[in-house]
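> Predicted coordinates and the sequence they were generated for:
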Number of protein chains: 6
Amino acid sequence: MSIPDSSKIQAEVLIQALPYIQRWSGAIFVVKYGGAAMGGDGYAAQVMQDLVLMHCVGIRPVLVHGGGPEISELMKRVGKTPQFVDGLRVTDAETMELVEMALTGKTNPRLVALIQQQGGRAVGLSGKDGNLIRARKLQAEVDLGFVGEVEQINPEVVRNALAGGYIPVISPVGLGADGATYNLNADFAAGALAGALKAEKFILMTDVPGVLSDPDDPQSLISELSREQAQRMLDNGRVSGGMIPKLQACLSALEQGCPRAHIIDGRIPHALLIEVFTDAGIGTMIR
Amino acid sequence: MSIPDSSKIQAEVLIQALPYIQRWSGAIFVVKYGGAAMGGDGYAAQVMQDLVLMHCVGIRPVLVHGGGPEISELMKRVGKTPQFVDGLRVTDAETMELVEMALTGKTNPRLVALIQQQGGRAVGLSGKDGNLIRARKLQAEVDLGFVGEVEQINPEVVRNALAGGYIPVISPVGLGADGATYNLNADFAAGALAGALKAEKFILMTDVPGVLSDPDDPQSLISELSREQAQRMLDNGRVSGGMIPKLQACLSALEQGCPRAHIIDGRIPHALLIEVFTDAGIGTMIR
Amino acid sequence: MSIPDSSKIQAEVLIQALPYIQRWSGAIFVVKYGGAAMGGDGYAAQVMQDLVLMHCVGIRPVLVHGGGPEISELMKRVGKTPQFVDGLRVTDAETMELVEMALTGKTNPRLVALIQQQGGRAVGLSGKDGNLIRARKLQAEVDLGFVGEVEQINPEVVRNALAGGYIPVISPVGLGADGATYNLNADFAAGALAGALKAEKFILMTDVPGVLSDPDDPQSLISELSREQAQRMLDNGRVSGGMIPKLQACLSALEQGCPRAHIIDGRIPHALLIEVFTDAGIGTMIR
Amino acid sequence: MSIPDSSKIQAEVLIQALPYIQRWSGAIFVVKYGGAAMGGDGYAAQVMQDLVLMHCVGIRPVLVHGGGPEISELMKRVGKTPQFVDGLRVTDAETMELVEMALTGKTNPRLVALIQQQGGRAVGLSGKDGNLIRARKLQAEVDLGFVGEVEQINPEVVRNALAGGYIPVISPVGLGADGATYNLNADFAAGALAGALKAEKFILMTDVPGVLSDPDDPQSLISELSREQAQRMLDNGRVSGGMIPKLQACLSALEQGCPRAHIIDGRIPHALLIEVFTDAGIGTMIR
Amino acid sequence: MSIPDSSKIQAEVLIQALPYIQRWSGAIFVVKYGGAAMGGDGYAAQVMQDLVLMHCVGIRPVLVHGGGPEISELMKRVGKTPQFVDGLRVTDAETMELVEMALTGKTNPRLVALIQQQGGRAVGLSGKDGNLIRARKLQAEVDLGFVGEVEQINPEVVRNALAGGYIPVISPVGLGADGATYNLNADFAAGALAGALKAEKFILMTDVPGVLSDPDDPQSLISELSREQAQRMLDNGRVSGGMIPKLQACLSALEQGCPRAHIIDGRIPHALLIEVFTDAGIGTMIR
Amino acid sequence: MSIPDSSKIQAEVLIQALPYIQRWSGAIFVVKYGGAAMGGDGYAAQVMQDLVLMHCVGIRPVLVHGGGPEISELMKRVGKTPQFVDGLRVTDAETMELVEMALTGKTNPRLVALIQQQGGRAVGLSGKDGNLIRARKLQAEVDLGFVGEVEQINPEVVRNALAGGYIPVISPVGLGADGATYNLNADFAAGALAGALKAEKFILMTDVPGVLSDPDDPQSLISELSREQAQRMLDNGRVSGGMIPKLQACLSALEQGCPRAHIIDGRIPHALLIEVFTDAGIGTMIR
């Protein structure tokens, strides 16, 4: 009888993952996935598979998703033109309805279904469920309508889902004290949730390799930053564009007690598994 | 000092409700609400208030909603014309996406928010969450696309929400073994759920007074039917139109072990409270 | 079909009670009922009904009763003349036996039975059970015999009854370290218990409207007093007679951590429900 | 250093008790104590001490007491003459009040206090508490008034007390569906309770050595009887007087699933301990 | 930034293991390891690592070990010559002491220590602990002394260790009703334990590839056998030597409710992982 | 019928033990037994019986044993001569193997079996199980080889055994961070465990009457010592020989939060019971 080499390699690899599995057993990881990094269905399936695997070996992942493309697509279908100010979507009442339908009614159940096709158990939640995310109107120079910011996180509904053995999948809308629904930045919502849950890791999946010392040079990745260094980069304007809110979301998670935040390149296949279960450095870790 | 008469009456009324509160303590009630009976926001708020009150006095309500008007409205906004065959919406892939966005992304969070504005705790679920509703394609004479029927109910995700102290609010879509999403008749989905949960009551809110012996005479309400009588009315063609699937949904709940099904007039203010907490007969009870 | 107006009113009233039911869910209320306010059986049944209703909607009531009339009646039947010094019953050994028989053997089971006839579940306890009330001889100018005062409350036996889903009904006798049984003032015993249980409310039912600014004018009811104001009224002699120990019992409950004490008129039908579930002010609240 | 012989003997004796302690760990024993066997306070204290010891080594004793002498004494004090028909007390409404006051208000708290003076934790219950004993009027040739018989046992309130770590002490009165209180034979009430609790032993303490083959010869004690033998002795009239209801109570306990009933001589110091923890046969065992 | 290929492969391999991890989550596997298959310390460490990994991903492994070489070595050191009859060690009283010292005092703690060096949590048990294995003298043609066979398994002590999160490591000695200690065949002890625990798998690690259709041809491995086929091979004498008791142990586990038994080649590195987590067939499965 | 006097005495004795049983209910006692005090099998059986009795009445005993004679005997059998320096066994690698086999493979299972023959439930543990005792090499003037000292106690595995209702029996070996096994002084190991478990008592069984004020006069027993007095006796050299480490072990237990340490004469039959359940002073108590 001969054992195929592939099986021998498989066994070796599992053994190499053992210390990571032991280390993260029982830990909560909040993963932000979405936006440009989201890709097509095949791609999303791969990310969901990673979550299912993490769940199987004892990690408790919580997924927060974005959904910009779906929102814009639905707007176009009803004949509205998406408008942005400083990267924020101008959200009148009608747009807010479309935002919620796209996020909670399309992206969210799509991800839930993908997790379940991998044999996982997921439950879709919106930030409204169980008053998970209390929001308020974001004060900006121009009136952005129903663009909100997180006021308070009530994580019981997420804890209840985790205790029941489910992977919570969360759409980033929130309910205001005024009864209105607000459109939230998914990075910030996920960071606040990571803080409120005292997650062991907050993992932000993006479409860049991580924080770069030279934004034009993808080879200039910074593997690790302290909170102070990250803050200084923000203060000195050494990061720009979409990376600014991402770094801010990471810092906010760290401030509230989540010890590690990661910005990783979601375009790499199984980026999550590589980050969590292998020796290979991937993306930027802030702590 | 003088106690206002209104307070005295309030005390009396509470005492009159006592036997009903005692009787239904801990019971699960599955309530179907929606469609034409759904009305505007003020009206829905009243129904949600009734659910919150029931929850407060120890009943465990589970809400299944429809959302026909929201679906049709969204279809119109994207320029599609709703088409029906025998009361069933022809649902191509594009329509299915719109159905799900309207149900899971609009009606569902609206009801969740209303419950929470009344001080209740709700969690929105779709039939996909935790594989709650396994569906399959409905076999009909013409191909209706993604119109499905319930294959199996996995009620754990609902039980987990109830155990956490939440009112589950459920949108009637289901996941097929083929990975496709199906549009389900909300009455049937609710009836199947009432059966699977062994609910004490299945309450179907409609826009008619109940089952009538003479469909043209609203005064001819039948207060109570046995399962046999209900079946015979169906067999003899003595019910027609929208009442047929409603009676069928009731019978299906009864067959699976739910002891009482009610078809009540959702247009009556606080119809649920009147049905549950007062001596007044309302609608038709089948058992 | 027509819904009777009474049913509509009932539904409205239930909805008006909702905020109160939500607010007090899970709270412990210690109710002192007895003495002159106790009235006949029909009356007591009404008070017990109020307790059962409170229990049904999630409040955890604890009843402490007096029993002066029953004690005096039993004394007369055995040919003893009740004697009082400053409102306190002179209690020799023989009288103490009669006191205990009347309280623990007559009033207590009568109230337990009434609760159960309303569909509630009650358990009668005396202050001796589980060493609930450790007592000591009250030091007074004249020897009052076995008149005692509370030394220590061991509330475990009450908590065990509450956890089992029972309404505890408590007779105010206590056990001394000397093995003797002591006759306790029910107001003080109830106040001490409210403090030890950290009850949300201590409700003292009496036969007056509450604290009056002019004792001769029943219209001069004071709706609310701070602890300081109540103490000052006691210090300044602005309350007199039976109201003095009642105010003292309230202050003692407040000192030990019960946030609200109420002196209400037990002669008003369903006074408890009016106090707890309606907007109407009733009696005097001290906090 | 020298160890006193008494200590050595103590150690030996404890070791001899070990197999019995092991055998009965966790078992429920229902003990009937009272009537003529009850004796004075010093004596009762000894019996209570035995219960406390049993409780300490893991047995769960439940005490049902009688109280004939206390009842008759109270009746005499109020000027009523006890009347008996076939050993049953004629119980008019006024007498019933006195019966309950004596049992629930005097004997019961006396035993509770004695247990607690021995360092045990007891809770006094009457058959009314938690509807423990549902009773109905005993049908006899002459109207005995409020003499009742057991209709149903609802042992939850006893189980709740046991689960809380208390020794339940129970007075044998019951509540009828008619709302009336009934005076019950304590032997029968205890036997029914032993059956309902599936007690491992039902121990009836009396003032005779046990069942005698010759009623006039105290040396003719029968150590063990099968159920059939006991039934035959009743059928053949070979037992008489007070032993008849005692044997009947034993048989009723056995029929409902309690495997062993004992009739023992309560006048022997520490009779319970001798029965339970030593090799010496004592009284009559029926099984 | 470039991700090393090794990391990509690792991620792929983890994903390939996912279905197996999902399938066996929560399952009990009884693994017999020892004898000739045991090898040196480095080798044993690898097997223990496999157990730790299985434990980490939710499997509950139970290890039963042999220890022939250690026994023989100790015997030699004290000057005794091991004697065997039909493969069974003749075990006089002195030998039994040496057997137990070698198994329970050397092999067992060595394996426990190895598991813990891999970051696992293990607890060593002997078949005597908690009366885990009740044994009796094996009846054979010649008197083999203290060679025993399993009479009864009391698996509570193993379940307690599993519930505490430990990997139980068990030495195959048993206690007789006669108070004597017996030397047990580890294969049989493990099989009986697998049956008593209703393990999902019983895995017997040996130093041959599995069951061979031609004992002289290692290429003639039979991948799968039904119970009937295995029984027939035994009946027909188509297996011989050490394989006979192994097949018998497997059949005994299957008879008692363990659905799958495996005979695998312990010499293959990470044979357990290959068997459990990969598609590659390894050894012989009987079911 | 006549009750034998012996039974009456038995009952009396049990009653005298009651206050002690009440006092120590639920308490953890760590008992060190072994070495010279260990005696033959009959004697050990008696000590185990005492542990079983304590367990039965609600105490949670934990046994730590020595095994010097067994170790020396095994060494002799393999032809090695035990060597001691300052009372410590010189332990080369080969000796360490023999030590572990004797302790964990012979003494430990012998005591486990004896407990079970008395009807108790025991589980044998070594200091390696669950990393119970982390050890390190003892630094001494001469190299003693694998003689270790306690570095850290991880009592979870003991708590898990206690929670499962077992008497843990522990052999004093420990695992080093270097992977080596160390031979520990059983007195110190037991004292450290008593401290880590916050045991109510640490009882050291020896073969002397206790601490003597005049080591040559067995009548000069000191019944009680404060920690300060014990420390002073050590400092002043007023204790010598084997008593020094015993007193040190006691002091170490007291320092870590165990309130009472006892040095008692294990040669007295049922010394444990006399110490725990009778008024007789025995040995020396330090607190």
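Cool, got the structure. Numbers count the residues shown, from 1 in each chain, chains lettered A, B, ... in the order given.

> give the contact list for the residue nearest to residue A:65 when sequence neighbours are not counted.
On the basis of C-beta to C-beta, 6 or more residues apart in numbering or on different chains, the spatially nearest residue to residue A:65 that is not a chain neighbour turns out to be residue A:34, at 4.4 Å. (Each C-beta comes from the backbone N, C-alpha and C, glycine too.) The contact partners of residue A:34, by C-beta atoms under 8 Å, 6 or more residues apart in numbering or on different chains, come to A:64-68, A:107, A:186, A:205.

> any idea how far residue A:34 lies from residue F:180?
52 Å (C-beta to C-beta, to the nearest Å).

> Against residue B:105, how distant is the closest residue to chain C within the stretch 101-250 of chain A?
Closest to chain C within the stretch 101-250 of chain A is residue A:131: 14.1 Å, counting by C-beta to the nearest C-beta. Residue A:131 sits 19 Å away from residue B:105, going by C-beta to C-beta.

> just to revisit the earlier point, tell me the pLDDT of the residue nearest to residue A:65.
Residue A:34 is assigned a predicted lDDT (pLDDT) of 83.

> go on, residue A:40?
According to the per-residue confidence, residue A:40 scores 67 in pLDDT.

> what do you get for residue A:216?
Model confidence at residue A:216, expressed as pLDDT, equals 84.

> Pull the number of nearby residues for it.
Using other C-beta atoms under 10 Å in any protein chain shown, the number of residues around residue A:216 comes to 6.

> now the helices: where do they sit in the stretch 1-150 of chain A?
Chain-ordered helices for the stretch 1-150 of chain A, with DSSP state H, counting those that start in this stretch as the definition, fall at A:5-24, A:41-56, A:68-77, A:93-102, A:108-117.

> buried stuff in the helix or strand containing residue A:161?
Secondary structure assigned from DSSP states H and E places residue A:161 in helix A:156-163. Within helix A:156-163, the residues scored as buried using 16 or more other C-beta atoms under 10 Å in any protein chain shown are A:157-162.

> Export these as a markdown table, with columns for distance to residue C:192.
As requested, the buried residues of helix A:156-163 are arranged in a markdown table below (distance: C-beta to C-beta, whole Å):
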| residue | distance to residue C:192 |
| --- | --- |
| A:157 | 40 |
| A:158 | 42 |
| A:159 | 38 |
| A:160 | 38 |
| A:161 | 44 |
| A:162 | 43 |
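
> nearest to residue E:126, of those?
Within the buried residues of helix A:156-163, the smallest distance to residue E:126 is 39.2 Å, found for residue A:162 (C-beta to C-beta).

> coming back round to it: do you know the pLDDT at the residue of the stretch 101-250 of chain A closest to chain C?
At residue A:131, the model reports a pLDDT of 97.

> hang on, isn't it packed against residue A:176?
No. Because the distance of 10.9 Å does not satisfy C-beta atoms under 8 Å, residue A:131 is recorded as not touching residue A:176.

> Neighbour count: those two, which is higher?
Set side by side, residue A:131 and residue A:176 show more neighbours around residue A:131, with 19 against 16, by other C-beta under 10 Å.

> who's in contact with the more buried one?
Residues in contact with residue A:131 (C-beta under 8 Å, 6+ apart) are A:154, A:157, A:175, B:116, B:121.

> now those as JSON lines including distance to residue C:255?
As requested, the contacts of residue A:131 are exported to JSON lines (distance: C-beta to C-beta, whole Å):
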{"residue": "A:154", "distance to residue C:255": "34"}
{"residue": "A:157", "distance to residue C:255": "39"}
{"residue": "A:175", "distance to residue C:255": "41"}
{"residue": "B:116", "distance to residue C:255": "38"}
{"residue": "B:121", "distance to residue C:255": "35"}
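
> so which of these comes closest to chain E?
For those, the residue nearest chain E by C-beta to the nearest C-beta is residue A:157; the value is 24.9 Å.

> Not counting sequence-adjacent ones, nearest residue to the closest one?
With sequence-adjacent residues excluded and distances taken as C-beta to C-beta, 6+ apart, residue A:157 is closest to residue A:130, at 3.0 Å.

> What number of residues are in the vicinity of that neighbour?
Summarising burial for residue A:130: neighbours were counted as other C-beta under 10 Å, giving 26.

> for residue A:45, same thing?
The burial count assigned to residue A:45 is 17, neighbours taken as other C-beta under 10 Å.

> Leaving aside the residues adjacent along the chain, what's closest to residue A:192?
In space, not counting the residues next to it along the chain, residue A:192 is nearest to residue A:150; the distance is 4.5 Å by C-beta to C-beta, 6+ apart.

> Pretty sure the one you found sits against residue A:187.
No. Because the distance of 11.0 Å does not satisfy C-beta under 8 Å, residue A:150 is recorded as not touching residue A:187.

> Those two: who's more crowded?
residue A:187 (27 against 24).

> Tell me which stretches of the stretch 151-287 of chain A form helices.
A:156-163, A:186-196, A:227-235, A:243-255, A:271-277.

> who touches residue A:221 in this structure?
Counting by C-beta under 8 Å, 6+ apart, residue A:221 makes contact with A:209-213, A:283-284, E:1.

> again, only using 7 Å
Applying C-beta atoms under 7 Å, 6 or more residues apart in numbering or on different chains to residue A:221 gives the contacts A:209-210, A:212, A:284, E:1.

> would you list the residues you listed in a markdown table and tack on neighbour count and pLDDT?
Formatted as a markdown table, the contacts of residue A:221 follow (neighbours: other C-beta atoms under 10 Å in any protein chain shown; pLDDT from 0 to 100):
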| residue | neighbour count | pLDDT |
| --- | --- | --- |
| A:209 | 22 | 91 |
| A:210 | 26 | 93 |
| A:212 | 19 | 92 |
| A:284 | 28 | 96 |
| E:1 | 17 | 48 |
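
> Which one of these is nearest to chain D?
Nearest to chain D among the contacts of residue A:221, with distances taken as C-beta to the nearest C-beta, is residue A:284, at 55.7 Å.

> Can you give me the neighbour number for residue A:78?
16.

> Could you verify my assumption that it touches residue B:75?
No. Using C-beta atoms under 7 Å, residue A:78 and residue B:75 do not qualify as a contacting pair, with a distance of 10.4 Å.

> So for chain A, the centremost residue is which one?
For chain A, the residue lying nearest the average C-alpha position, counting by C-alpha atoms, centre = their mean, turns out to be residue A:32 (0.3 Å).

> Columns distance to residue E:168 and neighbour count on top of the contacts of residue A:34, output as JSON lines?
Output for the contacts of residue A:34, formatted as JSON lines (distance: C-beta to C-beta, whole Å; neighbours: other C-beta atoms under 10 Å in any protein chain shown):
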{"residue": "A:64", "distance to residue E:168": "40", "neighbour count": "28"}
{"residue": "A:65", "distance to residue E:168": "42", "neighbour count": "27"}
{"residue": "A:66", "distance to residue E:168": "47", "neighbour count": "25"}
{"residue": "A:67", "distance to residue E:168": "49", "neighbour count": "24"}
{"residue": "A:68", "distance to residue E:168": "52", "neighbour count": "19"}
{"residue": "A:107", "distance to residue E:168": "46", "neighbour count": "25"}
{"residue": "A:186", "distance to residue E:168": "46", "neighbour count": "25"}
{"residue": "A:205", "distance to residue E:168": "41", "neighbour count": "26"}
